[in-house]
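Novice: Quick one: sequence plus predicted model below, questions after.
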Amino acid sequence: MLPTIGLVVDGKTKDFIKGFDELGGRDDFSTDLLEWRLGCGGAIDYSGNLLEPPLPASKKQLSVHSKQTIRDSALDSSDSDD
């Protein structure tokens, strides 16, 4: 059995989402992706870019700051004469 979502607006069928291919090919798709797809079908007013699906959470760019200690500082001039 293939899961199918019918997008009905004002009593008229606008579109169908058949299977999970349009939702990333997985059954654990994000709500953002489903919202984007419903917007593409005209079922909801989507505020984002309809030309590109949203990035999965695992691929979103995260800002990572490295911890810096006194020993790792940019001013480190270790002139150790042993």
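Specialist: Thanks, I have it. Residues are numbered from 1 along each chain as shown.

Novice: Okay, strands next: where are they in the chain?
Specialist: Using DSSP state E, the strands of the chain run over 4-9, 12-18.

Novice: Make JSON lines out of those strands and add mean pLDDT, mean neighbour count and distance to residue 54.
Specialist: (C-beta placed from N, C-alpha, C; glycine too.) Formatted as JSON lines, these follow (pLDDT from 0 to 100; neighbours: other CB atoms under 10 Å; distance: least, CB to CB, whole Å):
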{"stretch": "strand 4-9", "mean pLDDT": "94", "mean neighbour count": "13", "distance to residue 54": "18"}
{"stretch": "strand 12-18", "mean pLDDT": "94", "mean neighbour count": "13", "distance to residue 54": "16"}
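
Novice: Any chance of CSV for these, columns distance to residue 47?
Specialist: Formatted as CSV, these follow (distance: least, CB to CB, whole Å):
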stretch, distance to residue 47
strand 4-9, 18
strand 12-18, 19
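
Novice: Quick check: which of those strands is nearest to residue 46?
Specialist: strand 4-9 (12.4 Å; CB to CB).
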